[in-house]
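A.B. asks: here is a sequence with its predicted model. Questions after.
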Amino acid sequence: MTAPGGSLAAARESSLPAARLIATAQAQNGYLGKKSNAQLDDPQANAGGKYNKFARDLDALGDFYNGRKNGFDWCDVFVDWCFVQTFGRELAQKLLCQPDKSLGAGTGYSLSYYRAKGRFFTSPQPGDQIFFGDAKSTWHTGIVTEVKGGYVYTEEGNAGNPSAVRSCKYPLNYSTIKGYGRPDWSLAPTDNEKEDDDMTEEQVRKIVREEYAKIEAERAALPPSAWAEDELAAAVAAGVTDGKRPQSYATRQEVAIMVGRKP
């Protein structure tokens, strides 16, 4: 399938949701992949690996993917995270053409989800998901931010060395571009639609609190990561912690108490 290209300005005019997605992606520019599951929220710290906050956040949803993805290649995870951050999980999955427990952390599977819905194109538009590969495989992806002067501009996770979120550009005829997955933007409300504007501030706050509580409950139910099991068991044996909610966040007062209990 083919469709005309466009610029970010065109995206703002014809598809405000696409422009919001692009802003989310570009705000992460420069974030470095981590060599361990630590300091994930610091864009620059602990650099040199494949751990990242994007996979952590989607893993915390429990059944967004078919399994936990932190510590693996994360270009597609970055794209999915940008959609979830911008639109919320339910709408993001519809725009990505993905089901619950999807295989969408893999680029080949993501491409196939778009194709199955008739949403795969050979010409780009801002907000598209770009895919790279050859006839046999698909190996990389990102978000199209602009199409101008014979080039397609992108924001990509797990790009370059060291692994990072980076802005890139390619000639439109670049040999390894396989095509573009295009969300159905008609599913996403624009800034001009009244349904969101009619909500009171307290209603918005209530939704945010409920979503946060849900995410925290899901995180609290998760078992400890394999890399932390031995250290956590030792801390429990020493009376430093009770070992409950191993993947929940700790407040500063809780950390202070645990430090004070350290033998």
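C.D. replies: Ah, there it is.
A.B. asks: give the buried residues for stretch 129-148.
C.D. replies: Residues of stretch 129-148 classed as buried by neighbour count (16 or more other Cβ atoms under 10 Å): 129-133, 138, 140-147. C-beta coordinates here come from the backbone N, C-alpha and C atoms, glycine included.
A.B. asks: burial count for residue 223?
C.D. replies: 8 (other Cβ atoms under 10 Å).
A.B. asks: mind listing what it touches?
C.D. replies: Going by Cβ atoms under 8 Å, 6 or more residues apart in numbering, residue 223 touches 246-247.
A.B. asks: try residue 36
C.D. replies: Here residue 36 is in contact with 46, 49, 51, 227 (Cβ under 8 Å, 6+ apart).
A.B. asks: next one: residue 116
C.D. replies: Contacts of residue 116 (Cβ under 8 Å, 6+ apart): residue 97.
A.B. asks: now it: how far from residue 98?
C.D. replies: Separation of residue 116 from residue 98 (Cβ to Cβ, to the nearest Å): 10 Å.
A.B. asks: would you double-check that residue 241 falls in a helix?
C.D. replies: No. Residue 241: not assigned to a helix; according to DSSP: H, G, I helix; E, B strand; the rest coil it is coil.
A.B. asks: burial measure for it, as a count.
C.D. replies: Residue 241, neighbours per other Cβ under 10 Å, totals 16.
A.B. asks: where does it land on pLDDT?
C.D. replies: For residue 241, the pLDDT comes out at 88.
A.B. asks: repeat that for residue 5.
C.D. replies: What the model reports for residue 5 is a pLDDT of 46.
A.B. asks: repeat for residue 244
C.D. replies: With respect to pLDDT, residue 244 has a value of 87.
A.B. asks: using the three-state scheme, assign it.
C.D. replies: Residue 244 - assigned by three-state DSSP - is coil.
A.B. asks: contact partners for it?
C.D. replies: Taking Cβ under 8 Å, 6+ apart as the definition, residue 244 has no contacts.
A.B. asks: next: residue 246.
C.D. replies: So residue 246 contacts 222-225, 228, 232 (Cβ under 8 Å, 6+ apart).
A.B. asks: how about TSV for those residues, with secondary structure and distance to residue 162 added?
C.D. replies: Listed next are the contacts of residue 246 as TSV, based on DSSP: H, G, I helix; E, B strand; the rest coil; distance: Cβ to Cβ, whole Å:
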residue	secondary structure	distance to residue 162
222	coil	28
223	coil	30
224	coil	28
225	coil	22
228	helix	24
232	helix	29
